[in-house]
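Undergrad: The sequence isn't on hand, but the structure is:
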């Protein structure tokens, strides 16, 4: 049923555009970006950079790392409960 790929992509594109048209606020539909409205470039504040970096690291440790550990543990124990021969 390879011929369904085209209609599927068409339906996906149409529904995505409808969703964006209904959900997105009017400001998001404008073609102006934040950079377009910016007049002067300033040097970044080192404290702001450090704050953003620590925030990203904290989010990784709190959110992504536990998920990775669980997935790794499940994958390691899968053979014990699954179809292969090695055990956890």
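TA: Arrived safely, thanks for sending. Keep in mind that this is a model prediction, so the values were computed, not measured.
Undergrad: Quick check: buried residues in the helix or strand where residue 76 lies?
TA: According to DSSP states H and E, residue 76 maps onto helix 65-81. Applying a neighbour-count criterion of 16 or more other Cβ atoms under 10 Å, one finds nothing buried in helix 65-81. C-betas here are computed from N, CA, C, even on glycine.
Undergrad: Would you mind identifying the next helix or strand past the worst-scoring helix or strand of the chain on mean pLDDT?
TA: One helix or strand of the chain scores below all others by mean pLDDT, DSSP states H and E: helix 34-37, with a mean of 60. Once the chain leaves helix 34-37, the next helix or strand it forms, by DSSP H and E, is helix 46-59.
Undergrad: Give me the helices and strands touching that next one, please.
TA: Under the contact definition 3 or more Cβ pairs under 8 Å, 6 or more residues apart in numbering; DSSP states H and E, helix 46-59 sits against no other helix or strand.
Undergrad: how much does it deviate in direction from helix 65-81?
TA: Helix 46-59 and helix 65-81 are oriented at 20 degrees to each other (axes from the mean of the first three to the mean of the last three Cα atoms, to 10 degrees).
Undergrad: Relative to the whole chain's centre, how far out is helix 46-59?
TA: With Cα atoms, centre = their mean, to the nearest Å as the basis, helix 46-59 stands 19 Å off its chain's centre.
Undergrad: Then stretch 66-85?
TA: Relative to its parent chain, stretch 66-85 has a centroid offset of 24 Å by Cα atoms, centre = their mean.
Undergrad: quick one: low-confidence parts of the protein?
TA: Low-confidence segments of the chain (pLDDT under 70): 28-29, 31-39, 83-88.
Undergrad: the longest helix in it is where?
TA: Using DSSP state H to define each element, the chain has its longest helix at helix 5-23.
Undergrad: Having no further points to raise, I will conclude here.
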